[in-house]
Every structure is written in structure tokens, then in C-alpha cells.
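Participant: Predicted structure and sequence below. I'll ask about it afterward.
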Amino acid sequence: MYYIYHIPGKKIGVTSNLINRVTKQQGYALGEYEVLLSSKDIDYISAKEIELQKSYGYKVDRQTYKNLIKSNKMRINVTEQTTTFACPKDKLKGQLLDNIGFKWETSHGEFELTDKTIQWIIDNSMTSMYNDQRCYIYNKAFSVEFLDETAFEEKSNVYDLIRVWAKEKGIYDKGDSKTQYVKLMEEAGELAKALLKDDKPEIIDAIGDMVVVLTNLAKLENLLIEDCVVSAYNVIKNRKGKMIGGTFVKETL
């Protein structure tokens, strides 16, 4: 069964799996979208989607749903954090070029394959550590790169803004992880001085500078600082121990 769904004020689309496509991938709960039509006839549903997109005044898809499904030679898997392509990295360029115009939904927005986005995907994709016949990109990093500037500033967090600033300054093109680590040690020294002087403005400045450097170091390692922090929290959240000499010491088994 194919469903035409409507997210008021945003879009009209088609899917064969409402929960996976609209709720899990796009983040809309039941009640935040409506089903306009459903049918087992892909020709009918494809034509009606275009018709409804026009009548509601939304962006009209370049390809009908039917043709998009037929032309999609790639198989992708979308999670909250990543989009995984079912091909090795050395075959990715050909797969992407064969599917220009292909769109998919993530919790960070709708992505589309264009000449510009394909090059970014090729440059930023990584081979899966679990299967060398698959490669992936981080959805958030992709969205930061291609979001409209105004929408970006409204939706972004401070780490997004740091990464945009760093990209504009050439840190990701001309810098490397080692230089960022040296910079981190310099900022740690500044923090030590500020702590010894009990200088609150300088403490704030030093801590902020260290977070900026860590954000950029993570990006240079093809990581997001948010993911690193979440990973660390997941390790410590159930950790048991006690305070000894002003430091939390974990319990050993």
C-alpha cells in the first residue's frame, strides 16, 4: 500500500511505510501529519502526489514517485545519525551519479543528490567498520553544509555555528588534528592561569575556546562533538563510585 502524507506547511510526499518514513526518519508524531490518499496503484498515487503538491503550493518533485523508485539503483539505510550506502566507497561515485535527483528524508531534513551534494558525499563518506562493502555519511554534517543560511541560524545549535565559522576560516581545509591538539593544550594553559587567579571572565573565555577547538578537532576526525559527548555520557551515566580528594573515582570490580 502506498500513502500520500501531508505535513502541514511543509510538504506532501509518498511512502509505503508511514512509521519508518514520517515518524522515525522525519520525526513527526501521529497527529502532526495526515494521510490524504492511499492506494495499491503506484501509477495513480504517483500522479496524485504531483497534483496535490501543485494544488497545495508546495515544491513539486522533479520525478514522480514511480520513476524515482525505478531509477533508484542504490539501497540506503537511514538512521537518526547516518545515511549508509549499500556499496563500497570506491564504487560510490558511480552509484551517486546514476541517481542524480534522488531524494531521501532524514530527521535533519530532505536530502537530494546534485552535482554539489554528490561531491560532498564522496569527500566526506567513510567506510563502515562493520562491513567494508558499505559506506556512510553523518546526516547532521550534511545538513549543516547545505541548509539555507537563515533557516540554519534559526535551527542550529552553537556547534553548528562553530563549524560554519571554522569552514569559512579554512581550518578544515588547511588545518589538521595535530595542530588543533596543540591549540587545545595552549587553551588548557590559559585556563590553568585563569583558575589560579580566580579570574571568572578569563575562565569563561578559556573554557569556551577549548570547546571550540574540540569541536574542530572532532570535525577534522570526521566526527561530531555532539556524538562524542553523548558517547561519553552513555559510558558514565550508570557508573558507580565515590568522591576522593575532590575527584570522582569510579568503582572497580
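Facilitator: Noted; the coordinates are in hand. Computed from a predicted model, the values in this text were never measured in an experiment. Numbering: from 1, shown residues only.
Participant: Helices of the stretch 51-200 of the chain, start to end?
Facilitator: All helices of the stretch 51-200 of the chain, identified by DSSP state H, counting those that start in this stretch, fall at 65-71, 89-97, 115-124, 139-146, 149-155, 158-169, 171-174, 177-197, 200-220.
Participant: which residues touch the shortest one?
Facilitator: The one in question is helix 171-174. Applying C-beta atoms under 8 Å, 6 or more residues apart in numbering, the external contacts of helix 171-174 come out as 166-167, 180, 216, 219-220. The way it works is simple: take the backbone N, C-alpha and C, and place the C-beta from them, glycine included.
Participant: and with 7 Å instead?
Facilitator: Helix 171-174 is contacted from outside by 166, 216, 219-220, using C-beta atoms under 7 Å, 6 or more residues apart in numbering.
Participant: Just the buried ones out of the residues you listed, please.
Facilitator: The neighbour-count test (16 or more other C-beta atoms under 10 Å) marks 166, 216, 219-220 as buried among the contacts of helix 171-174.
Participant: Now for these: which two are most distant?
Facilitator: Within the buried ones among the contacts of helix 171-174, 166 and 220 form the most distant pair, 9.2 Å apart (C-beta to C-beta).
Participant: surely residue 81 meets residue 137?
Facilitator: No: here residue 81 does not reach residue 137: they are 9.9 Å apart, not a contact under C-beta atoms under 7 Å.
Participant: Those two: which has the busier surroundings?
Facilitator: The neighbour count for residue 81 versus residue 137, taken as other C-beta atoms under 10 Å, is higher for residue 137 (23 against 18).
Participant: The more buried one touches residue 85, doesn't it?
Facilitator: No: the criterion here is C-beta under 7 Å, and residue 137 misses it with residue 85 at 8.2 Å.
Participant: So which helix or strand of this protein has the lowest pLDDT on average?
Facilitator: Least confident element among the helices and strands of the chain, by mean pLDDT, DSSP states H and E: helix 149-155 (a mean of 44).
Participant: For residue 30, see how far away the residue nearest to residue 28 when sequence neighbours are not counted is.
Facilitator: Taking C-beta to C-beta, 6 or more residues apart in numbering, and ignoring the residues beside it in sequence, residue 28 has residue 22 as its nearest neighbour in space, at 5.3 Å. As judged by C-beta to C-beta, to the nearest Å, residue 22 and residue 30 stand 9 Å apart.
Participant: So for those two, which sits in the more crowded spot?
Facilitator: More crowded of residue 22 and residue 30, by other C-beta under 10 Å: residue 22, with 22 against 10.
Participant: I'd assumed residue 4 was in contact with that one.
Facilitator: No: contact between residue 22 and residue 4 fails when scored by C-beta under 7 Å: they sit 11.3 Å apart.
Participant: Shouldn't residue 36 be within a helix?
Facilitator: No: counting by DSSP: H, G, I helix; E, B strand; the rest coil, residue 36 falls outside a helix, being strand.
Participant: which residues sit in contact with it?
Facilitator: 4, 6, 52.
Participant: What separation is there between it and residue 115?
Facilitator: Taking C-beta to C-beta, one finds residue 36 at 33 Å from residue 115.
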